[in-house]
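A.B. asks: How does the following fold in three dimensions:
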Amino acid sequence: MTTTPAPWWRGATLYQVYPRSFADNNGDGIGDLAGVTTRLDYIARLGVDGIWLSPFFKSPMRDFGYDVSDHCGVDPMFGTLADFDALLARAHALGLKVVIDQVWSHTAIDHPWFQQSRAARDGRTNPKADWYVWADARPDGSPPSNWQSWMGGPSWTWEPRRQQYYLHNFLPQMPDLNLHNRAVQDALLAVGRFWLERGVDGFRLDTANYYCHDPAFRDNPPQPPEHRGTMPAAMQQHLHDICQPQTLPFLERVRALCDEFEGRMTVAEIGSQNNLQRMVEYTRGQDRLHTAYSFMLLGPQPTAAALAEAQAAWHEGDGAAAWPSWALSNHDTPRVATRWAQGDLARTRQLLALLTCLRGTVFLY
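C.D. replies: Numbers count the residues shown, from 1 in each chain. Alright, predicted model coming up:
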């Protein structure tokens with residue numbers, strides 16, 4: 001009797017590489033792709049299965065590369081496409097998989113798509129007029145909804161050329177793409193195909209639950225006082241600006257694309273009040289994403305009971321047909337050695353042992 005081997009990513013350990021600060025090969029004080037390549041032998045000796053490579057695409061760097069201005073180009077500070085190809089070839093020669101970031105919920109304001117979209121005064125004649133989330137002002141001139149940005153202030157900025165507001169869940173210079181538009185989805189899938197054909201082993205999908213918004217722009221209700229945070233975005237229940245059901249068909253299109261290539265995977269970043277529920281929803285079955293991680297272990301240390309409850313979610317119901325990922329540290333949060341272990345080396349080792357015991361795929365930073 002023969003058994004089908006588990007996919008490589010199921011239970012794998014991936015080492016996150018943040019190129020800007022990882023290794024500087026040309027001496028300009030900024031890490032680069034060639035520098036990463038010189039350290040791949042070291043990473044392989046750690047015994048990990050691959051790397052997650054944070055953004056290296058062309059960008060004005062207002063958000064350290066998560067504001068992309070060219071999805072298929074390497075920013076000169078990191079090198080060239082040839083440097084990326086060399087990195088990929090060396091990683092594969094060492095038996096390491098390479099998963100790269102894909103930032104598809106928004107772009108930089110400098111992106112040619114937005115430059116064309118913002119110039120549209122007549123949507124019938126501009127093919128990219130509806131590629132971003134545009135809305136008219138309310139009768140009093142205020143934004144279309146009360147949605148708040150995670151980087152401060154309203155999620156809407158006025159564009160005088162169009163005489164409309166555009167949506168941005170993060171910086172005003174990071175406008176949100178309109179993934180309700182099939183042409184936008186097609187363009188993003190073409191980006192994914194570009195990198196898959198180049199040989200990458202998968203994608204980490206940045207802010208995947210931010211892909212779609214409520215087309216009616218309904219106001220978010222306030223958080224109950226006991227859950228209210230200290231910034232405006234944390235004072236709302238994000239019921240209408242994120243986590244919309246229209247996201248799921250797009251995720252299925254992403255999975256179908258990856259399934260055209262052998263052994264590829266997707267991992268979603270989930271940031272919502274219902275982290276575990278969304279992780280299960282986005283990864284259950286065989287036609288959505290392969291796995292997902294949330295911020296549950298990237299903030300304050302959970303109690304043992306909360307951790308046990310989180311693990312139980314993956315052994316029953318829909319969770320049994322889904323697959324989680326876990327991380328204790330990444331580029332968005334202080335490292336766990338400081339955050340939970342207060343610099344205690346033995347405690348840090350204990351936490352890493354805990355991480356590797358969890359059912360799921362592991363990301364190390």
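A.B. asks: now the helices for the stretch 101-250 of the chain?
C.D. replies: 112-118, 182-198, 247-259 (DSSP state H, counting those that start in this stretch).
A.B. asks: Residue 53: which of those is closest?
C.D. replies: helix 182-198 (10.7 Å; CB to CB). All C-beta atoms are positioned from the backbone trio N, CA, C, and that covers glycine.
A.B. asks: Next, the buried residues of that closest one.
C.D. replies: By neighbour count on 16 or more other CB atoms under 10 Å, the buried set for helix 182-198 is 184-185, 187-189, 191-192, 195-196.
A.B. asks: And for stretch 56-75?
C.D. replies: 56-60, 62-63, 65-71, 74-75.
A.B. asks: Can you report phi and psi for the closest residue to residue 97 other than its chain neighbours?
C.D. replies: Of all residues not flanking residue 97 in the chain, residue 50 sits nearest, at 3.0 Å (CB to CB, 6 or more residues apart in numbering). With angles defined as degrees, to the nearest 10, residue 50 sits at phi 180, psi -170.
A.B. asks: give the contact list for residue 50.
C.D. replies: Neighbour list for residue 50: 12, 14-15, 91, 96-99, 201 [criterion: CB atoms under 8 Å, 6 or more residues apart in numbering].
A.B. asks: Go again with 10 Å.
C.D. replies: Residue 50 is in contact with 8-9, 12-15, 43-44, 91-92, 94-99, 201-202, 265, counting by CB atoms under 10 Å, 6 or more residues apart in numbering.
A.B. asks: any idea how far it is from residue 207?
C.D. replies: 22 Å (CB to CB, to the nearest Å).
A.B. asks: okay, which residue is most central for this protein?
C.D. replies: residue 206 (1.1 Å; CA atoms, centre = their mean).
A.B. asks: Skipping its backbone neighbours, what lies nearest that one in space?
C.D. replies: residue 103 (4.5 Å).
A.B. asks: So that neighbour sits against residue 56, correct?
C.D. replies: No - Residue 103 lies out of contact with residue 56 (CB atoms under 10 Å); the separation is 11.4 Å.
A.B. asks: which neighbours do those two share?
C.D. replies: Shared contacts of residue 103 and residue 56, defined by CB under 10 Å, 6+ apart, comprise residue 65.
A.B. asks: which residues are contacting the helix-or-strand element of the chain with minimal mean pLDDT?
C.D. replies: Between all helices and strands in the chain, the lowest mean by mean pLDDT, DSSP states H and E belongs to helix 304-312, at a mean of 90. By CB under 10 Å, 6+ apart, the surrounding residues in contact with helix 304-312 are 275-276, 279, 294, 296-297, 301-303, 319, 324, 326, 354, 357-360.
A.B. asks: Please narrow those to those residing in strands.
C.D. replies: 294, 326 (DSSP state E).
A.B. asks: and the contacts of helix 304-312, which are buried?
C.D. replies: 275-276, 279, 294, 296-297, 319, 324, 326, 358, 360.
A.B. asks: Closest one to residue 171 out of the residues you listed, please.
C.D. replies: residue 294 (22.3 Å).
A.B. asks: surely the closest one meets residue 279?
C.D. replies: Yes - using CB under 10 Å, residue 294 makes contact with residue 279 at a distance of 5.7 Å.
A.B. asks: Please name the residues that touch residue 95.
C.D. replies: Counting by CB under 10 Å, 6+ apart, residue 95 makes contact with 44, 49-50.
A.B. asks: Over to residue 45?
C.D. replies: Residue 45 makes contacts with residue 94, as judged by CB under 10 Å, 6+ apart.
A.B. asks: Mind telling me what element residue 29 is part of?
C.D. replies: Using DSSP states H and E, residue 29 is not contained in any helix or strand.
A.B. asks: now do residue 262
C.D. replies: In this assignment (DSSP H and E), residue 262 forms part of neither any helix nor any strand.
A.B. asks: Pop out the phi and psi values for it.
C.D. replies: Torsion angles, degrees, to the nearest 10, at residue 262: phi -70, psi 130.
A.B. asks: burial measure for it, as a count.
C.D. replies: Residue 262 has 6 neighbours, counted by other CB atoms under 10 Å.
A.B. asks: And it, how close does it get to residue 8?
C.D. replies: 11 Å.
A.B. asks: again, but for residue 168
C.D. replies: 36 Å.
A.B. asks: just residue 265 next, same as before
C.D. replies: In terms of CB to CB, residue 265 sits 8 Å off from residue 8.
A.B. asks: Need the residues touching each of the two.
C.D. replies: Contacts common to residue 265 and residue 8, judged by CB under 10 Å, 6+ apart, are 50, 97, 201-202.
A.B. asks: and these as a markdown table, adding pLDDT and distance to residue 87?
C.D. replies: Shown next, in a markdown table, are the shared contacts of residue 265 and residue 8 (pLDDT from 0 to 100; distance: CB to CB, whole Å):
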| residue | pLDDT | distance to residue 87 |
| --- | --- | --- |
| 50 | 98 | 12 |
| 97 | 98 | 12 |
| 201 | 98 | 13 |
| 202 | 98 | 15 |
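A.B. asks: what about stretch 76-88, average pLDDT?
C.D. replies: In this model, stretch 76-88 has a mean pLDDT of 98.
A.B. asks: Contacts for that stretch, please.
C.D. replies: Outside stretch 76-88, the residues touching it (CB under 10 Å, 6+ apart) are 17, 19-20, 25-26, 28, 30-38, 40, 51, 53, 55-59, 61, 65, 72-74, 96, 98, 100, 195, 198-201.
A.B. asks: Go again with 6 Å.
C.D. replies: With contacts defined as CB atoms under 6 Å, 6 or more residues apart in numbering, stretch 76-88 is touched by 19, 30, 32-34, 36-37, 56, 74, 98, 199.
A.B. asks: How about stretch 351-364?
C.D. replies: With CB under 6 Å, 6+ apart as the criterion, stretch 351-364 contacts 9, 12-16, 291, 314, 324-328, 336.
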